[in-house]
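**Q** No letters, just coordinates:
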């Protein structure tokens, strides 16, 4: 019986000694480290006879007593959202902007335990902070000599964008359309310590990127097509063929990653807002393995914040640290049951001002109406390549006729013979025009589309359905006025499709901020008149005008002549040459070039 009692006592004593609280107290007695939190507990233990540790305190001591704190002694900026939260939780009378970190006591996966203070007047104490509460992306100091770009100087608002990009490894440039994001990015890339740049963009913008880079540097440029991988200093590729050169399952065999890009630029970055899409998964996998990434988009997407999440995640924004928290806080997210399955609804929006404030360190967003140095009209050619056997056949027939017929001396007959060629060009461009228009609509703006051909006009109108109206030469005056009124006054009507002759004069369409010339007239004043349907008295904003151009066709010749000396404002817009002289020069150049 005595043996049993002694055994039971010994067993209880052994169990007691193994309790975390008991083991932590023994550790605390002998602690001689530099963790101020543990030292404070040690001081209390020596001061109070009946001192006890909580289980959390005991676990902390046992886990971290051998870890040496890191000396910091610096002030660090706080994320605005968490600064407000600290103010509310600690009942502060003032919102802290920074936190002083004397020591980093412990670093966990998602949090810091620091020895510091929120204000100069405070005593040092221990503070737990989530890592996302500290501003990660502090902009580097930037000093740029813009004199070297005096041949094509950036505007004041572009300089701000350049300096934001140069100063941040990961950044979103979300400026409104027409503010020159491409120019800003090219100059920023030249001002950064990088050698190899990968530019991912829609196929329709690849040539535009090439031309803009050539405006500022003679570095080697490659445009990737199909499955042929030939990278260079600037490598331009479209989203749809990324899969040909990168497989997330085999990153070691990735042509893209193995080339060692220093920077990835993603233009029209809202193309990868759907995290379930294959191209998004591929793009994400590439970007997360490259140290520097700049995302360009004119569509901020905050009206449906879940569309914004992937971009914020790619630039390591603190708000994207936790998907569920983001969904609940900014998407009014909630779960509901579908049978035995739980499904999230994240189609809503909430706390948008807070989202804007918290993403400011990683995002620059300016609207056209906020920019003072913009011209009234911003003219942008969108260069494309045409692949069409029908075009080649028709041009061959034209040149055969021109070389063998006496009628070829007549400008009128030459013009009529080229009509079918121009129709082929116009119809081949419909897909690209719709893509440009849709990007504009996605930014909450209305767009006017002009064409010379009825079939093209009808196809574009049909594509946009109930959100479009049209105006052609066959319509009566009341019908024409109805189209104008609907476009001007009905918020649901976002697209106006007009015949260049019939709709290019005499009407006001100032509810549009953008104009697209699907195909070209031989008469410069036709374009000038059409553009001014949007840029008229009553227009509050700068107007963006887009000219999609198949540069490897006669259209390239037409545009170059209309845009003599690369000054659109003096030729295409000013119409400072006679109509007959321009048409004669165009037809002469077309006929000479085979």
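**A** Received the coordinates, thanks. Quick caveat, the model's predicted, so the values are computed rather than measured.

**Q** So residue 266 sits against residue 293, correct?
**A** Yes. Counting by CB atoms under 8 Å, residue 266 sits close enough to residue 293 to count as a contact (7.0 Å). C-betas here are computed from N, CA, C, even on glycine.

**Q** Please enumerate the shared neighbours of these two.
**A** Shared contacts of residue 266 and residue 293 (CB atoms under 8 Å, 6 or more residues apart in numbering): residue 287.

**Q** which residues touch the residue nearest to residue 451 when sequence neighbours are not counted?
**A** Of all residues not flanking residue 451 in the chain, residue 518 sits nearest, at 4.3 Å (CB to CB, 6 or more residues apart in numbering). Contacts for residue 518 were tallied using CB under 8 Å, 6+ apart; they are 426, 429, 430, 433, 449, 450, 451, 456, 460, 548.

**Q** now for those, which pair is the farthest apart?
**A** Using CB to CB, these span at most 13.0 Å, a distance reached by 430 and 450.

**Q** Please say which of those two ends up with more neighbours.
**A** With other CB atoms under 10 Å as the criterion, residue 430 and residue 450 differ in neighbour count, and residue 450 comes out ahead with 26 against 19.

**Q** Show me what that one is bridged to.
**A** Beta-bridge partners recorded for residue 450 (DSSP bridges): residue 498, residue 517.

**Q** Thought residue 530 was touching it, still the case?
**A** Yes. The pair residue 450 / residue 530 is scored as a contact, 5.0 Å apart, by CB under 8 Å.

**Q** Need the residues touching each of those two.
**A** In contact with both residue 450 and residue 530: 498, 500, 503, 504, 515, 517, using CB under 8 Å, 6+ apart.

**Q** For residue 80, state which of those residues is nearest.
**A** Nearest member of these to residue 80, counting by CB to CB, is residue 515, at 39.3 Å.

**Q** count of residues packed around that closest one?
**A** By other CB under 10 Å, 27 other residues sit near residue 515.

**Q** Okay, and the beta partners of residue 547?
**A** Beta-bridge partners for residue 547, by DSSP bridges, are residue 381.

**Q** Tell me how far it lies from residue 102.
**A** Noted for residue 547: a distance of 60 Å to residue 102, by CB to CB, to the nearest Å.

**Q** next one: residue 493
**A** Going from residue 493 to residue 102 by CB to CB gives 62 Å.

**Q** Ok, residue 480 next?
**A** Remark: distance between residue 480 and residue 102 (CB to CB) = 74 Å.

**Q** of those two, who's got more company?
**A** Comparing residue 480 with residue 102 by neighbour count (other CB under 10 Å), the higher total belongs to residue 480, at 20 against 17.

**Q** in what helix or strand does the more buried one lie?
**A** Residue 480 is part of helix 477-489 when elements are defined by DSSP states H and E.

**Q** Check which helices and strands that helix is in contact with.
**A** strand 468-471, strand 495-499 (3 or more CB pairs under 8 Å, 6 or more residues apart in numbering; DSSP states H and E).

**Q** and these, which is most packed in?
**A** Burial of the helices and strands packed on helix 477-489 is given as mean neighbour count (mean count of other CB atoms under 10 Å); strand 495-499 ranks first at a mean of 26.

**Q** which residues are in contact with that strand?
**A** Applying CB under 8 Å, 6+ apart, the external contacts of strand 495-499 come out as 437, 441, 446-452, 454, 457, 460-461, 464, 467-473, 483-484, 487, 503-504, 509, 512, 530, 533.

**Q** one step back: between the contacts of residue 518, which sits nearest residue 257?
**A** Among those, and counting by CB to CB, the member closest to residue 257 is residue 548, at 33.3 Å.

**Q** residue contacts, the closest one?
**A** By CB under 8 Å, 6+ apart, the contact list for residue 548 reads 204, 381, 382, 384, 429, 432, 433, 436, 516, 517, 518.

**Q** If any of the contacts of strand 495-499 are buried, put those into a ChimeraX selection.
**A** Under the burial definition 16 or more other CB atoms under 10 Å, those of the contacts of strand 495-499 that qualify are selected in ChimeraX by:
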select :437,441,446,447,448,449,450,451,452,457,460,461,464,468,469,470,471,472,483,484,487,503,504,509,512,530,533
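
**Q** before we move on, back to that, quick check, pLDDT for the residue nearest to residue 451.
**A** pLDDT for residue 518: 96.

**Q** do the one 5 residues further on as well
**A** Here the pLDDT value assigned to residue 523 is 79.

**Q** now residue 93
**A** 89.

**Q** Neighbours of it, how many?
**A** Neighbourhood size, residue 93 [other CB under 10 Å]: 5.

**Q** try residue 432
**A** 20.

**Q** OK, contacts around it?
**A** 204, 382, 384, 548.

**Q** Over to it. Which of the three states is it?
**A** Judged by DSSP: H, G, I helix; E, B strand; the rest coil, the three-state class of residue 432 is helix.

**Q** ok, back up a step: any chance of the contacts of residue 518 in TSV, with distance to residue 541 and pLDDT too?
**A** Output for those, formatted as TSV (distance: CB to CB, whole Å; pLDDT from 0 to 100):
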residue	distance to residue 541	pLDDT
426	28	95
429	26	94
430	27	96
433	21	96
449	18	97
450	19	95
451	24	96
456	27	96
460	23	97
548	22	94
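
**Q** which of those residues lies closest to residue 153?
**A** Each of those was checked against residue 153 using CB to CB; the closest is residue 548, at 26.6 Å.

**Q** Distance of that closest one relative to residue 436?
**A** As judged by CB to CB, residue 548 and residue 436 stand 7 Å apart.

**Q** do residue 87 as well
**A** In terms of CB to CB, residue 87 sits 46 Å off from residue 436.

**Q** And residue 24, by the same measure?
**A** Here residue 24 is placed at a distance of 66 Å from residue 436 (CB to CB).

**Q** again, but for residue 259
**A** For residue 259, the distance to residue 436 - CB to CB - is 30 Å.

**Q** between the two, who's got more neighbours?
**A** residue 436 (23 against 14).

**Q** wait, isn't that one in contact with residue 544?
**A** No. Between residue 436 and residue 544 there is no contact under CB under 8 Å: 10.1 Å.
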